[in-house]
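Q: 3D model of this:
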Amino acid sequence: MRGLTAELRSWGLEARVDRATGTVEAAGAGGRRVQRAVLRPHRGSLWWWLRWEAEGLPGGAALPQSPLTPAADPRGAARRIVRVLSPARPES
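A: This next block holds a predicted model:
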């Protein structure tokens with residue numbers, strides 16, 4: 001978790017570990033948008049998963065998750081989280 005937190009900070013994001021939920025939280029500019037990453041098994045090894053915040057889910061419902069990278073690749077996970085938190089580019 002420390003490796004991902006350090007990588008996120010190197011990209012200029014605010015990042016912290018929430019030990020109560022076992023997540024790494026990353027916030028973009030101004031801290032308005034937050035993404036959470038968790039370690040979970042995938043394909044026989046430990047991977048970083050992105051937890052998507054879903055509006056309108058009933059209390060206690062599981063949040064949708066997407067696999068990011070193997071746990072040994074925090075740089076790749078951070079790069080993907082940065083893309084998610086980056087402002088959307090207008091279509092040309």
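Q: Skip the chain neighbours and tell me the closest residue to R2.
A: With Cβ to Cβ, 6 or more residues apart in numbering as the criterion, R2 has its nearest non-adjacent residue at 7.4 Å, and that residue is V17. C-beta here means a position set from N, CA and C on the backbone, and glycine is covered the same way.
Q: Quick check: mean pLDDT of stretch 22-38?
A: What stretch 22-38 shows for mean pLDDT is 86.
Q: Touching that stretch from outside, list them.
A: Residues outside stretch 22-38 that contact it (Cβ atoms under 8 Å, 6 or more residues apart in numbering): 1, 4-5, 8, 13-18, 21, 39, 48-51, 53, 65, 68, 77-78, 81, 84-86.
Q: again with stretch 66-84
A: Contacts for stretch 66-84 (Cβ under 8 Å, 6+ apart): 3-4, 6-8, 10-11, 13, 26, 35, 37, 39, 42, 45-50, 52.
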